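**Student:** Here is my input; please provide its structure:
(chains A and B)
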2 protein chains.
Amino acid sequence: MNAAFVLYDNLTALDIVGPYEVLAGHSEVTPHFVAARAGKVRCDNGLTLHADFAFDDVPAPDLIVVPGSSQWRSALDDEVLIAWLASVHKTATWTTSVCSGSTLLAKAGILAGRRATSHWAVVDTLAADGAVVCNDRVVVDGNVITAAGVSAGIDMGLTLAATLFGEMTARTIQLAIEYDPEPPFDSGSPRTAPPEAVAFLRAALNGS
Amino acid sequence: MNAAFVLYDNLTALDIVGPYEVLAGHSEVTPHFVAARAGKVRCDNGLTLHADFAFDDVPAPDLIVVPGSSQWRSALDDEVLIAWLASVHKTATWTTSVCSGSTLLAKAGILAGRRATSHWAVVDTLAADGAVVCNDRVVVDGNVITAAGVSAGIDMGLTLAATLFGEMTARTIQLAIEYDPEPPFDSGSPRTAPPEAVAFLRAALNGS
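**Tutor:** As a prediction, this is how the structure comes out:
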């Protein structure tokens, strides 16, 4: 299985590294880090990742993983990225996203008529491109899987691992990454976080 | 606050990206990705990260974050890395690790007499260097914080964020990364995972 982990300027690193860590260690997966051009790609909090391939080098991946970005509106203007996503989705076995990565899938026409999720602060924007907005953490609709914000990519990866490799393997991967979460606070959702945090982030992530 | 995110060959990417994503977006944190030499560093599942600095360029970071590796025994032979850790710990405000990164701290003499944790499959090895072995997910002893395997770095980062920036900021970061975990299985700990998964990984991670 050729997996395309998609990189672009100002992506959120954890969005892509979560699913990568869950999936790429499996012997059946060949990971390809791919961007408009091979070379350095800088993430939104300063880390630089390396794209081993250009989009043209990976025309038909079996699995596509698209991360989000805190500058997601700018990413929607990346016509090369959007066109490549629309193209490779046609032959992919699985097309997936984490966080605001689903806004890129929506722009590429992939979510029309599908149930889909995204980061809580931007999920409602998916409706403009015809998606059926869901607030679940991981949403599977046909061969498209979307995940909620940032850390939800780990849950998405495990869900996909169970489908691809079976539940026993997914459980073993979960143990390998010791994914037995103990957040020190209960503040990971707009339902539980302080209202001022919700308002602050909603404004920050929508450019107002 | 100058933060040194430490890179070395075959590190586990999620170990370092978890705390980075939690901490590096804060305006008071200046992230430095540092390795023996600046340039590409390949992770154990194939992703390549970029070190912006060599160890010599970052002689006195305020915060040190050390990731683990599935090839952690080989990493213990990296004398340049171990010597730099021992040196920078002397002046750091906080020294932290994720997963088997704590075995590097132990080798550098940083954990002698301290309570510390690590990936469940390797945590017992810390005792040989004088650490008091703990099985908690995040262990704070003085200015040293160690985390359990891989994904525990997110919990560690949030714990540290609350100490550095206050609980309200830590809660806001948790909401920003939508850390409201919903693992599809309860298999993230040797207490809950299938026994054959525990046995398989224990052997794999201890080279037998």
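
**Student:** What is the neighbour count of A:Asn45?
**Tutor:** Neighbours of A:Asn45 under the rule other Cβ atoms under 10 Å in any protein chain shown: 20. Bear in mind the C-beta positions are built from the backbone N, C-alpha and C, glycine included.

**Student:** tell me the contacts of it?
**Tutor:** The contact partners of A:Asn45, by Cβ atoms under 8 Å, 6 or more residues apart in numbering or on different chains, come to A:12-13, B:20-21, B:24-25, B:31.

**Student:** and those residues as CSV, adding secondary structure and pLDDT?
**Tutor:** Shown next, in CSV, are the contacts of A:Asn45 (DSSP: H, G, I helix; E, B strand; the rest coil; pLDDT from 0 to 100):
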residue, secondary structure, pLDDT
A:Thr12, coil, 98
A:Ala13, helix, 98
B:Tyr20, helix, 98
B:Glu21, helix, 98
B:Ala24, coil, 97
B:Gly25, coil, 94
B:Pro31, strand, 97
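
**Student:** three-state assignment of A:Ile64?
**Tutor:** Put simply, A:Ile64 is strand when judged by DSSP: H, G, I helix; E, B strand; the rest coil.

**Student:** Could I get the contacting residues of it?
**Tutor:** A:3-4, A:6, A:85, A:88-89, A:92, A:94-96.

**Student:** same question, A:Ala112
**Tutor:** A:129-131.

**Student:** which one of those residues has the most neighbours?
**Tutor:** Counting neighbours by other Cβ under 10 Å, A:Ala131 leads the contacts of A:Ala112 with 27 neighbours.

**Student:** Give me the spatial nearest neighbour of that one, chain neighbours excluded.
**Tutor:** A:Leu111 (3.9 Å; Cβ to Cβ, 6 or more residues apart in numbering or on different chains).

**Student:** Surely the one you found and A:Asp129 touch.
**Tutor:** Yes. Shown here, A:Leu111 and A:Asp129 form a contact pair, counting by Cβ atoms under 8 Å, at 6.0 Å.

**Student:** what comes up buried for the top helix by length along chain A?
**Tutor:** In chain A, assigned by DSSP state H, the helix with the most residues is helix A:152-165. By neighbour count on 16 or more other Cβ atoms under 10 Å in any protein chain shown, the buried set for helix A:152-165 is A:152-162, A:164-165.

**Student:** possible to save those as JSON lines with pLDDT?
**Tutor:** Below are the buried residues of helix A:152-165 laid out as JSON lines (pLDDT from 0 to 100):
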{"residue": "A:Ala152", "pLDDT": "98"}
{"residue": "A:Gly153", "pLDDT": "98"}
{"residue": "A:Ile154", "pLDDT": "98"}
{"residue": "A:Asp155", "pLDDT": "98"}
{"residue": "A:Met156", "pLDDT": "98"}
{"residue": "A:Gly157", "pLDDT": "98"}
{"residue": "A:Leu158", "pLDDT": "98"}
{"residue": "A:Thr159", "pLDDT": "98"}
{"residue": "A:Leu160", "pLDDT": "98"}
{"residue": "A:Ala161", "pLDDT": "98"}
{"residue": "A:Ala162", "pLDDT": "98"}
{"residue": "A:Leu164", "pLDDT": "97"}
{"residue": "A:Phe165", "pLDDT": "98"}
